[in-house]
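Q: Show me how the following folds:
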Amino acid sequence: MTYWHLFGNKDQSVKIANQWLQTGGKRWRPLIMTSVYQTLCNDKQIKEDIVRKLAVSVERFHKASLVHDDIADNDSERYGKPTLHEEYDMPIALNTGDL
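A: Purely as a prediction, here's the structure:
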């Protein structure tokens, strides 16, 4: 699954951010988001597309924090692969985390 429509364009930074978003992780945060919605919200006015975007946003925020955490801790691997700042470089990793 790609998330081009959530980022707004298809430049190199978006490509790297998309790849990073899809790398590793258990996806518990989006599952929790959708589970809370299903449990607490019986409002049919809220469209599933909105909930999906909120769930992806939670995961995006978490993945961004991992990029910055890897930089702060000077980690060289995440999910058994090079961290973004090791694979690309520091400015690209920072921009990806900020995106």
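Q: what's the nearest residue to residue 68 once chain neighbours are set aside in contact with, if anything?
A: Closest residue to residue 68 apart from its sequence neighbours, by CB to CB, 6 or more residues apart in numbering: residue 97 at 5.0 Å. Where you see a C-beta, it was placed from the backbone N, CA and C, and this is true even at glycine. Residues in contact with residue 97, defined by CB atoms under 8 Å, 6 or more residues apart in numbering, are 64, 65, 67, 68, 71, 84.
Q: Assess the claim that the last one and residue 67 are in contact.
A: Translated: residue 84. Yes - Residue 84 lies in contact with residue 67 (CB atoms under 8 Å); the separation is 5.5 Å.
Q: anything in contact with each of these two?
A: 20, 93, 96, 97.
Q: what about the last one, helix or strand, and which?
A: Which is residue 97. helix 90-98 (DSSP states H and E).
Q: so how far is that helix from its chain's centroid?
A: Relative to the centre of its chain, helix 90-98 is centred 13 Å away, using CA atoms, centre = their mean, to the nearest Å.
Q: thinking again about what came up before, neighbour-wise, which of the contacts of residue 97 leads?
A: residue 84 (26 neighbours; other CB atoms under 10 Å).
Q: list the contacts for that one?
A: So residue 84 contacts 16, 20, 67, 70, 92, 93, 96, 97 (CB under 8 Å, 6+ apart).
Q: Buried among those? Need that as a selection in PyMOL.
A: For the buried members of these, the matching PyMOL selection, counting by 16 or more other CB atoms under 10 Å, is:
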select buried, resi 16+20+67+70+93+96+97
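Q: how about the contacts of residue 84, which pair is most distant?
A: 16 and 70 (14.1 Å; CB to CB).
Q: Excluding chain neighbours, what is closest to the residue nearest the centre of the chain?
A: Centroid-nearest residue in the chain, with CA atoms, centre = their mean: residue 60, separated by 2.4 Å. Counting by CB to CB, 6+ apart, residue 60 lies nearest to residue 21, which is 6.2 Å off, once chain neighbours are set aside.
Q: All set, thanks.
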